[in-house]
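Participant: Compute the structure for the input listed below.
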Amino acid sequence: MKIAIAQLNYTVGDIDGNTSKIIDSITRAKGLGADLVLFAEQAVSGTPAFDLLRKTTFLELCEDALVQIASCCDDIAAIVGLPILTAEGTISAAALIQDRKVLRYVGKKYITARREMGFVVPSKGYEYVTIKGHKCAIVVGDDLRRIHDCDSSVETILSINARRYGRGTMTRRYEMMRDLAFVEGKNLVMANQVGGNTEIVYDGTSGAINRRGELCLMMKSFEEDLAVFDTEAPAAPVAVPSSGDRTRLVYEAAVCGLRDFYLKNGYTKAAVGLSGGIDSAVTACLAVAALGRTNVRALLMPSHFSSDHSVEDAKVVAEALGIEYNVIPINEIYTSVVDTLKPVTGGTEFDSTEENIQTRIRTVLLMALQNKTGYVLLNSSNKSENALGLCTLY
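Facilitator: Prediction:
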């Protein structure tokens, strides 16, 4: 059986847009001669959909979209993820489509992600189905970790997921999948989604493993992709990215999440305050990678506490990235604020009060740039500053 995996970037709540992507991929899979095409968990609705999963109208629209998708599946079967309203509540389900009909729903049993708790209820779990004459097991989400002792007649485990990215998770994910495929003696095909929604980034890296536990297909990370796995054809094993690639993957995840935050919310331009330090330099680099240099603008705001080389370093970064920048000294603003406060604070000695005034002046200017020009401001605070609260929430 030829199984197409459609790894797509979905938008939460954009049922029409997600449906259009799914139908386009079905057409492409037909062109590649696939018997079946797999889509990720909650592909129709996008995920995490949170309170939308409690709205009957939204869930009905998802089912209406599924009927539209099914009408395109005349020469191909499809497994599509979507939320379904049941008597017990909303379940995360895989819809099996054959011959332009929705034949059944397979629901997820184990709700392990906090973003779903309270919005999705458990269902029956994985089920066996026959697709184009082949016996398969359909599994949704984290139920894959609980599958065991598959019926001997099952040839392939079909898993649809919404697996978020985390440092090192890809290696652990594929180790689990290879062990499962080898122990059960089944082919294992997994479709994940890709892209950023809210604070979550999905890495994609969908793939297929043969019954010997060999990884035969691994799809792109942080990019949309479509590929076909032939369960009968021989394929050379491929390697999972090593731990040495993890820093690159963290960078790609940050770029992907940042780009999707802007695009899915209708933003195009970013602003950043460049200090000459590593934190703001990395932020500017990520912004350029995500949005392009013409859509990023920087402010350099030296004070009398700034060293000369910090300003020059910031200029070097801006010019190397090719982004527009302005130098706005804040000495006069700082002095005016401190002098205004002297009757209240006494102003006898320099401490964190004056240091924080400098920071807040810069924030005021950056926010003014955002309000006047529409360049959405990026936070360049590091982990330590965020942990201690020594930063401004932009």
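
Participant: okay, CA-based contacts and neighbour counts for the rest of this
Facilitator: Will do.

Participant: So, low pLDDT: which residues of the stretch 51-200 of the chain?
Facilitator: Nowhere does the stretch 51-200 of the chain drop to pLDDT under 70.

Participant: try 90 this time
Facilitator: 112-115, 132, 148-149, 166-172, 198-199 (pLDDT under 90).

Participant: Run through the strands of it in chain order.
Facilitator: Residue ranges of the strands in the stretch 51-200 of the chain, as given by DSSP state E, counting those that start in this stretch, are 77-86, 89-98, 101-107, 127-131, 134-140, 156-160, 187-191, 194-197, 200-203.

Participant: Glu319: which of those is closest?
Facilitator: Of all the strands of the stretch 51-200 of the chain, strand 194-197 sits nearest to Glu319, with 29.0 Å by Cα to Cα.

Participant: what lines up beside that closest one in the sheet?
Facilitator: Using DSSP bridges, the strands paired with strand 194-197 are strand 200-203 (antiparallel).

Participant: Next secondary structure after the partner strand?
Facilitator: strand 207-209 (DSSP states H and E).

Participant: List the buried residues for that following strand?
Facilitator: Gly207, Ala208, Ile209 (16 or more other Cα atoms under 10 Å).

Participant: Could you export those residues as CSV, including pLDDT?
Facilitator: CSV is the format used below for these (pLDDT from 0 to 100):
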residue, pLDDT
Gly207, 95
Ala208, 97
Ile209, 96
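
Participant: So which of those residues is the closest to Ser20?
Facilitator: Gly207 (23.1 Å).

Participant: my read: that closest one touches Met190, true?
Facilitator: Yes - counting by Cα atoms under 8 Å, Gly207 touches Met190, with 5.5 Å between them.

Participant: so Gln358 sits right up against Ile333, yeah?
Facilitator: No - using Cα under 8 Å as the test, Gln358 is too far from Ile333 to be in contact (9.0 Å).

Participant: The residue of the chain most remote from its centre: which element?
Facilitator: Of all residues in the chain, Pro343 has its C-alpha farthest from the mean position, at 51.3 Å, by Cα atoms, centre = their mean. Using DSSP H and E, Pro343 sits within helix 331-345.

Participant: what residues does the helix or strand just after that helix touch?
Facilitator: Later in the chain than helix 331-345, the nearest helix or strand by DSSP H and E is helix 352-373. With Cα atoms under 8 Å, 6 or more residues apart in numbering as the test, helix 352-373 has contacts from 271-273, 299, 301, 303, 330, 333-334, 337-338, 375-377, 392, 394.

Participant: Can you show me the helices along the stretch 1-150 of the chain?
Facilitator: 15-31, 56-70 (DSSP state H, counting those that start in this stretch).

Participant: Can I get those helices in JSON lines including distance to Leu365 and mean neighbour count?
Facilitator: Formatted as JSON lines, those follow (distance: least, Cα to Cα, whole Å; neighbours: other Cα atoms under 10 Å):
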{"stretch": "helix 15-31", "distance to Leu365": "37", "mean neighbour count": "18"}
{"stretch": "helix 56-70", "distance to Leu365": "41", "mean neighbour count": "17"}
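
Participant: want to try TSV for the ones you listed, with distance to Val311 as columns?
Facilitator: Shown next, in TSV, are the helices of the stretch 1-150 of the chain (distance: least, Cα to Cα, whole Å):
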stretch	distance to Val311
helix 15-31	45
helix 56-70	52
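
Participant: Tell me which of those lies nearest to Val121.
Facilitator: Here helix 56-70 is closest among the helices of the stretch 1-150 of the chain (Cα to Cα), at 14.3 Å.
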